[in-house]
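Enquirer: coords please:
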Amino acid sequence: PQVSTLAARTIRWGGVLLLVFVVLHLLHFTFGTLHPAFDHKEVYGNLVAGFQIWWVALLYVAAMVGLGLHLYHGTWSSIRTLGLTRPSGDPLKRRVAAVLAWALYLGFSIVPIAVLAGIVR
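Expert: Okay, the predicted model is just below:
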């Protein structure tokens, strides 16, 4: 029997929330409609100004948790669907999926955290 992971149980609503996040991200950093001081010529300034608002940075980090879970399950499922691996009752054996999910989560989360911590100004 397979073990159900949190990522597997949240894949449906996680995908919908990620779609909503992508729309918010575009409105915030691409079109500037949700950004308090948007200037289409100042990409770096937009990033810093946007993430200096604590709840915006927190929203982005939370969305990256959702993205990590979504990618973890999606990667594992695609490998499994293609027949490249056998069923596993141990979710910790899903190393490729876990490494990819963690790398993307950490890579995308470090930016808002660095801005909030004052490392990026």
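Enquirer: Stretch 43-54: which residues count as buried?
Expert: Asn46, Leu47, Val48, Ala49, Gly50, Phe51, Gln52 (16 or more other CB atoms under 10 Å). Where you see a C-beta, it was placed from the backbone N, CA and C, and this is true even at glycine.
Enquirer: center of this structure, which residue is that?
Expert: Met64 (2.3 Å; CA atoms, centre = their mean).
Enquirer: quick one: that residue and Val111 touch, right?
Expert: No - in this structure Met64 lies outside contact range of Val111 using CB atoms under 8 Å: 9.7 Å.
Enquirer: before we move on, back to that, host element of the residue nearest to the centre of the chain?
Expert: helix 54-81 (DSSP states H and E).
Enquirer: list the helices and strands that helix packs on?
Expert: In terms of contacts (3 or more CB pairs under 8 Å, 6 or more residues apart in numbering; DSSP states H and E), helix 54-81 is packed against helix 6-9, helix 11-25, helix 43-51, helix 95-116.
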